[in-house]
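A.B. asks: the following comprises the amino acid sequence and a computationally predicted model.
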Amino acid sequence: IRLFADYLTPGSDNYLYDDNGVRGGLSENESFVILGDMNAEAGSGGVDGAIEQLLEHPRVNDVKPQSQGGQQHSPNNGNSQYHTAAWRKRVDYVLPSDDLIVKDAGVFWPVDDEPGSQLMNKRSASSDHRLVWLDIVK
């Protein structure tokens with residue numbers, strides 16, 4: 001997580017270099033999307049402030065994709081619509097740069113009567129992480 005944050009922050013990126021020896025991260029005018037399983041949720045323990053380095057970064061648009069399946073899975077949790085893992089956390093992210101326009105977003109977590117819901121019921125049928133997606137334009 002820190003690597004991504006440093007890659008986006010001029011002055012914090014001097015230890016990064018590419019195959020040609022060019023140092024630094026992204027220039028300030030480059031668009032980006034950071035995505036993946038960070039296994040970290042803001043305010044949820046772990047390394048304090050780790051995921052916040054990205055979620056609160058001035059260049060990052062912290063889109064919060066939602067699902068009805070997450071709500072159905074944990075109806076008594078006020079943040080369940082944002083969960084991306086069966087263990088009731090938002091730990092998987094698609095984080096676009098703030099210059100990209102997000103048209104739509106979601107977490108693939110079908111409710112019981114929707115196609116694909118059988119994949120959510122058995123751990124052996126799929127991952128305990130849910131697919132997070134965004135539709136973006138520049």
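C.D. replies: Perfect, I can see it now.
A.B. asks: pretty sure residue 72 sits against residue 113.
C.D. replies: No - using Cβ atoms under 8 Å as the test, residue 72 is too far from residue 113 to be in contact (10.3 Å). All C-beta atoms are positioned from the backbone trio N, CA, C, and that covers glycine.
A.B. asks: who has more neighbours, the two?
C.D. replies: Between residue 72 and residue 113, residue 72 has the larger neighbour count (other Cβ atoms under 10 Å), namely 16 against 6.
A.B. asks: help me confirm that that one is found in a helix?
C.D. replies: Yes - Residue 72 sits within a helix when classified using DSSP: H, G, I helix; E, B strand; the rest coil.
A.B. asks: report pLDDT for residue 75.
C.D. replies: The model reports residue 75 with a pLDDT of 95.
A.B. asks: residues in contact with residue 19?
C.D. replies: Residues touching residue 19, when contacts are defined by Cβ atoms under 8 Å, 6 or more residues apart in numbering, are absent altogether.
A.B. asks: counting neighbours, what do you get for the residue nearest to residue 108 when sequence neighbours are not counted?
C.D. replies: Once flanking residues are discounted, residue 108 sits nearest to residue 131: 4.0 Å by Cβ to Cβ, 6 or more residues apart in numbering. Around residue 131 there are 16 other residues, counting by other Cβ under 10 Å.
A.B. asks: how close does residue 131 get to residue 62?
C.D. replies: From residue 131 across to residue 62, the span is 18 Å (Cβ to Cβ, to the nearest Å).
A.B. asks: can you check residue 69 too?
C.D. replies: Residue 69 sits 21 Å away from residue 62, going by Cβ to Cβ.
A.B. asks: so the two - more neighbours on which side?
C.D. replies: More crowded of residue 69 and residue 62, by other Cβ under 10 Å: residue 69, with 24 against 15.
A.B. asks: backbone dihedrals for that one, please?
C.D. replies: Phi and psi for residue 69, reported as degrees, to the nearest 10, are phi -60, psi -40.
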